[in-house]
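Enquirer: Model the following, please.
(chains A and B)
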There are 2 protein chains.
Amino acid sequence: MGLEIERERLGFDYNDPVAVARQFERVKAEVLKYKDDPALIIWAIGNELNLDAKNPKVWDAVNDISKMIHQIDTNHLTTTPLAGFKQDLVRQVKTRAPDLDLLSFQMYADIVNLPRYLRESGWSGPYMVTEWGATGHWEVKKTDWSAPIENDSTTKADFYQKRFEAVIQADQKQCVGSYVFLWGHKQERTPTWYGMFLESGEEIAAVDVMQYLWTGAWPATRSPHLAGAWLDGKTAHQNIHLKLGESYPAKIQASDYSHNPLIYIWEVMEESTDLKTGGDFETKPKSLPGLVQNVKDGEIILKAPSKPGAYRLFAYVFDGKGHPAHVNIPFYVDQDKAASLSSLAPP
Amino acid sequence: MGLEIERERLGFDYNDPVAVARQFERVKAEVLKYKDDPALIIWAIGNELNLDAKNPKVWDAVNDISKMIHQIDTNHLTTTPLAGFKQDLVRQVKTRAPDLDLLSFQMYADIVNLPRYLRESGWSGPYMVTEWGATGHWEVKKTDWSAPIENDSTTKADFYQKRFEAVIQADQKQCVGSYVFLWGHKQERTPTWYGMFLESGEEIAAVDVMQYLWTGAWPATRSPHLAGAWLDGKTAHQNIHLKLGESYPAKIQASDYSHNPLIYIWEVMEESTDLKTGGDFETKPKSLPGLVQNVKDGEIILKAPSKPGAYRLFAYVFDGKGHPAHVNIPFYVDQDKAASLSSLAPP
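Expert: Residues are numbered from 1 along each chain as shown, chains lettered A, B, ... in the order given. I've put the predicted structure just below:
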C-alpha cells in the first residue's frame, strides 16, 4: 500500500517540525486503519520523494514512520520508492532511514544500468522495482521543436521484454519483485506514452509480452506488429515540417500475427503543453477533427492544420479482438513566411 | 547473374575508350556463355558502380552493355544495382542508361525512406532491392574511439522484420523482388555484422524472421532472445574504457523460446583495422586467448589485454539445435598514465 507522504517539490518543508509531526500522526492513523487488511502486501512510504528535492530530512521522517509501522504492525515490511538510482541518494537513504526493510527503484530506459548501480553503491540488500516500463519521455530524442519522440507499441513491447529479462528476471538474488508501469492508461506527454491499455480498455502489445514473461506462453491473440509510420514520407525522427493547410500522405505498416482484418483510426492532436513532472496529472490536449482523408488501409491524406504550431498524428490499429497497436508522429506546421511578410507590407 | 563491371573507385577510368571497349567484349563473351543457363534470372550489370565514383560515363558503358544483351538474349531483363538512393543519381541513370529494364537499390537502415525517395525522384518503374538487411556499419553510433556499435542478433532480427514489412512487402506495385543480405557470412568490420549465418554454419535469428516473412509461420526452433550485454556493468553505448590487465565482470542475458539449455562461448578480438568500402574483402582480426574466465552461464570475468588499444568482446549463445545468438561489445584498453610518466623519469 502506498502511504501518501508530502513532497518537497510540491511545496512541503521538511524543516517545519510541526508539519512533519502532523503528517506523522495522519500516516499513523492510516496504518492503524489498514494494517490488517488482507490485500496489504507491503507499506510503501511515499513515492519518489527524491524527485526535485534537496532536503535530506525527508528521510528522517520516512525512518520515523517506518519505526512507527514496525511497532504497530509486525506482519508487513516497509520500503520507499525512489525515482531513478543515484549512488549518493542510496547512501543517504541507507544512512538516514536504516529502519526500511528494503529499497524500491523506479527506472525506465536507465534500468539497464541497475546491476552496475547496485554494485557501485554497495547496496546488497533486497529491492523491488516498483515502476518500470516504456522509455521515459525524458530519455528519448526530441524533434527540433522539443517534442519527445514516442516509440510505437511494437517497439515498446520489445523494450518491456528486454528490460524484464535483462534486469528483473535476471536478478534472482536481490530483486524480490516488480510492478510493471502502467497497468492502465494516462495522459503524460501523450495519451499513449505509458499506458499498457488504451483509454477504451484494449490491451496493447506490452500486455502480450508480460503474459509471455509471466507464464512462458504468448497469448493466442497478439496485438498487430507495426513496422513503421511515415508522414510526408518521413519518420518521426526526421523533423517533419508542414505548410499551413497543405495536404500530405501518411502511412503506417501493420501486420497481424493472427491474420485478423485490421481497422485503422487516425487522430490529429495539438502537442501537449500541460507538462508536469513525476507523473502529476496532465490534461489531454485538444483533438482536431476533419483533417484526415482515408485513402486505403493504413494510408491517409493529412491536411495540415490552418494554425502554425506543434501537433501529433496518432494512428491506432484495431484487430477486432481487443488487441490494438498504436503509433504517433510529431509534426510542426510552420508559419507561412510569404503571408507574414506581406502582412508587413504597407496597405 | 552479376556481370563484373570495373569500378572507378578501384582505379578504372571510364574516359579511356580502349579499356571500356575491352570490357564490353569481355562481358559480351560472358553473356554469350551463360545466356541459356537455366539458373539465369536477370542480368545485373555491375554492382554499386556509383560508390565513390564521379564519372557519369560509367552509365553510358552500362547502357551499351544492356543494349548488347538485349540483342543477344531476348529472354532476360537487365538491371544495375545502386548503392543507396540519391535523386540525382537515379535521374542520371534514367537519362544515360534508358535501356535498363529495371533499377535495383541496395539500402540498409535508410531503406525506411525508399518510398519517399521513389516519389521525389519520379521513378515509377519497376525495381528490386538487391541488398537489404542489418543496419550498415556507416549508419550506427560509434564509440569515442570510432568503433561502430553492432546490434545484437535479436535486435537485428527485429530490424529485418520491420524493414521487410514496411518497405518491400508493402510495395506491391513497383517492387518486383528482393535479396536479403547476407545469406552466408563474411568479415566486414566484425565477423558477424552482415551474415545471417555464423562461420560455422548455424542460422541466427534473422533467418527465423525471414522464414516467418516468407511462409507466414515461425520455425519450430528459434534462436535465443538476447535482452542485453554488459561489460563492467555498461552497455556498448557507454564507451567502455578498461585498465591494462585488470579484471572486469561481463554478462549477457539470453532466453530460449524453446527452453533448450544454452551454451555460452566468449571471444576477445582486436578491433578490425582492415577497413574497406563496398564490401571488399577484409581480413578477420586477431583473436586473443586466455582472457576469459567463466563464472556461470552468461557471466564471465574478463582480464583486459596487456596492450593498450581497441578490442571487442564477442559472446555466442548456442541452443544445441543450430540456432545461435550473438552480440559484441567494443572496449578500449587505456594506456597506463602512471607507467608512461615513469618511463619518462631519469633512470
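
Enquirer: can you tell me the average pLDDT over the longest helix along chain A?
Expert: Ranked by residue count, the top helix of chain A under DSSP state H comes out as helix A:17-34. What helix A:17-34 shows for mean pLDDT is 96.

Enquirer: Distance of the residue nearest the centre of chain A relative to residue A:135?
Expert: Centroid-nearest residue in chain A: residue A:194, 3.5 Å away (criterion: CA atoms, centre = their mean). According to CB to CB, to the nearest Å, residue A:194 stands 10 Å off from residue A:135. For the C-beta atoms, the positions are set from N, CA and C on the backbone; glycine is no exception.

Enquirer: And the strands in the stretch 101-250 of chain A, which stretches?
Expert: Assigned by DSSP state E, counting those that start in this stretch, the strands in the stretch 101-250 of chain A fall at A:103-106, A:127-132, A:175-180, A:225-231, A:241-243, A:247-255.

Enquirer: does any bit of stretch A:122-129 sit next to chain B?
Expert: No: applying CB under 8 Å from any CB of the partner chain, one finds stretch A:122-129 out of contact with chain B, separated by at least 13.6 Å.

Enquirer: in that stretch, what's buried?
Expert: Buried residues in stretch A:122-129, counted by 16 or more other CB atoms under 10 Å in any protein chain shown: A:123, A:126, A:127, A:128, A:129.

Enquirer: got the contact list for that stretch?
Expert: Residues outside stretch A:122-129 that contact it (CB atoms under 8 Å, 6 or more residues apart in numbering or on different chains): A:42, A:79, A:81, A:90-91, A:94, A:101-107, A:111, A:114, A:118, A:167-168, A:174-179.

Enquirer: again, only this time at 6 Å
Expert: Stretch A:122-129 has contacts (CB atoms under 6 Å, 6 or more residues apart in numbering or on different chains) with A:90, A:102, A:103, A:104, A:105, A:168, A:174, A:176, A:177, A:178.

Enquirer: for stretch A:6-22, same thing?
Expert: A:23, A:51, A:52, A:53, A:55, A:57, A:58, A:61.

Enquirer: So which bits of chain A are right by chain B?
Expert: Contact residues (CB under 6 Å from any CB of the partner chain) of chain A with chain B: A:115, A:116, A:162, A:165, A:166, A:170, A:227, A:228, A:233, A:253, A:255.

Enquirer: So chain A: which segments form each domain?
Expert: What the record gives for chain A is the domain set A:2-215, A:225-338, from the TED database.

Enquirer: Please name whichever of the ones you listed is nearest to residue B:70.
Expert: Relative to residue B:70, the nearest member of the domains of chain A by CB to CB is domain A:225-338, separated by 33.8 Å.

Enquirer: roughly how far out does the closest one sit from the chain middle?
Expert: 19 Å (CA atoms, centre = their mean, to the nearest Å).

Enquirer: For residue A:64, pull up the helix or strand it's in.
Expert: Assigned by DSSP states H and E, residue A:64 belongs to helix A:57-72.

Enquirer: what packs against the following helix or strand past that helix?
Expert: Later in the chain than helix A:57-72, the nearest helix or strand by DSSP H and E is strand A:77-79. Secondary-structure packing of strand A:77-79 (3 or more CB pairs under 6 Å, 6 or more residues apart in numbering or on different chains; DSSP states H and E): strand A:42-45.

Enquirer: which residues touch the strand it packs on?
Expert: Contacts of strand A:42-45 (CB under 6 Å, 6+ apart): A:2, A:3, A:5, A:62, A:65, A:69, A:76, A:77, A:78, A:79, A:80, A:81.

Enquirer: 7 Å instead?
Expert: By CB atoms under 7 Å, 6 or more residues apart in numbering or on different chains, the residues outside strand A:42-45 that reach it are A:1-3, A:5, A:62, A:65-66, A:69, A:76-81, A:104, A:130.

Enquirer: Just give me the neighbour total for whichever residue of the stretch 1-150 of chain A sits closest to chain B.
Expert: Closest approach between the stretch 1-150 of chain A and chain B, counting by CB to the nearest CB: residue A:116, at 2.5 Å. Neighbourhood size, residue A:116 [other CB atoms under 10 Å in any protein chain shown]: 17.

Enquirer: That one reaches residue B:233, doesn't it?
Expert: Yes: if you go by CB atoms under 7 Å, residue A:116 and residue B:233 touch, sitting 2.5 Å apart.

Enquirer: Low-confidence stretches in chain A?
Expert: Residue ranges of chain A with pLDDT under 70: A:338-347.

Enquirer: for it, what spans make up the helices?
Expert: A:17-34, A:57-72, A:87-96, A:114-121, A:153-163, A:205-215, A:337-344.

Enquirer: how about stretch A:68-75: buried residues?
Expert: Across stretch A:68-75, burial judged by 16+ other CB under 10 Å covers A:68, A:69, A:70, A:73.

Enquirer: In contact with residue A:302: list those residues for me.
Expert: Residue A:302 neighbours (CB under 7 Å, 6+ apart): A:231, A:247, A:248, A:250, A:291, A:292, A:313.
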